[in-house]
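Q: Test case, fold it:
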Amino acid sequence: MKPLVEFCASNVSSYTKPVMEALENDPELDVDVLEYGCLGYCGECYMQPFALVNGDLVQAETADELLEKIKAKLKADEEEQEDFPF
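A: Have a look, this model is predicted:
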């Protein structure tokens, strides 16, 4: 199953649109990128960029930092999946 990165529409309009586009256009990544009206993190949504990566909250001070943290989380999840394939 492909990794899943989820974004809140309000956070996208404020912070994370470039992050979403970077993930969608990165030829080295094979991830599903989805945007929802609300992810239930309303307090976080207006404070700083965030996304859910495979259901886990990832947040950062800047959009660029968020992109790097998302990529690191995807890599860590992939390595964990290789270690425990079941």
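
Q: Do I have it right that D30 meets K2?
A: Yes. Counting by C-beta atoms under 8 Å, K2 is a contact partner of D30 at 6.0 Å. For every residue, glycine as well, the C-beta is placed using N, CA and C.

Q: State the helix or strand in which L66 lies.
A: helix 63-83 (DSSP states H and E).

Q: tell me which strands and helices that helix is in contact with?
A: helix 17-25, strand 50-53, strand 56-59 (3 or more C-beta pairs under 8 Å, 6 or more residues apart in numbering; DSSP states H and E).

Q: Which neighbouring elements make contact with the helix or strand of the chain with the lowest mean pLDDT?
A: Here the helix or strand of the chain ranked lowest by mean pLDDT, DSSP states H and E is helix 42-45, holding a mean of 79. For helix 42-45, the packing partners by 3+ C-beta pairs under 8 Å, 6+ apart come out as helix 9-11.

Q: Can you give the contact residues for the helix it packs on?
A: 35-38, 44-46, 49-51 (C-beta atoms under 8 Å, 6 or more residues apart in numbering).
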